[in-house]
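Undergrad: attaching a predicted model along with its sequence, questions to come.
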Amino acid sequence: MDTAPTISTSTPNATPLSRSALRVATIGALAATVANAALWAAGRAADVDFLVTPLTGDPDTQVGVVAVVLTTLLTFAVGWAVLALAARRSRRWMRAVMIAAAVFAVLSATGPLSAAHDTATGAVLAAMHLVTGAAFVATAARVRA
């Protein structure tokens, strides 16, 4: 019989994310993706060309709806993975991730403003960054509550 003491690695207030949290994350990611695809479609209807000059690659790159959808989903998934790791530590860490996500969304929105060929493209793409960030923070807040 083993009588060695058990050492717990969990900390007080740690809240591992559940299946229902994954469901909420999926809904949040899909909502952000639909909203960004709708922004892209509205932009195309308004004759926004979505041409950008990225830091690397071709100087004239057109941002298509597939890139919008995949980037939204990938960004949301990476954020959610970081949030899941933070949830293992504590609710305070989750709050820190949510704050970092909001800051990241605002800072990343400046990229399209400088890389876009025209103001309309920059504004719509920056709005997509903010939509994704807002959806992530709102979804994370729902799970954290």
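TA: Received the coordinates, thanks.
Undergrad: Val82 and Val97 touch, don't they?
TA: Yes. The pair Val82 and Val97 passes the contact test of CB atoms under 8 Å, sitting 5.6 Å apart. Using the backbone N, CA and C atoms, a C-beta is placed for each residue, glycine as well.
Undergrad: contacting residues around the nearest residue to Ala46 once chain neighbours are set aside?
TA: Nearest residue to Ala46 in three dimensions, chain neighbours excluded: Ala120, at 7.1 Å (CB to CB, 6 or more residues apart in numbering). Shown in contact with Ala120 (CB atoms under 8 Å, 6 or more residues apart in numbering): 43, 46, 48.
Undergrad: for this protein, give me the ranges with low pLDDT.
TA: Along the chain, the model assigns pLDDT under 70 to residues 1-17, 144-145.
Undergrad: show me where it has helices.
TA: 19-45, 65-89, 91-108, 110-115, 119-144 (DSSP state H).
Undergrad: what is the orientation angle of the longest one with helix 65-89?
TA: Taking axes from the mean of the first three to the mean of the last three CA atoms, to 10 degrees, helix 19-45 and helix 65-89 form an angle of 150 degrees between their directions.
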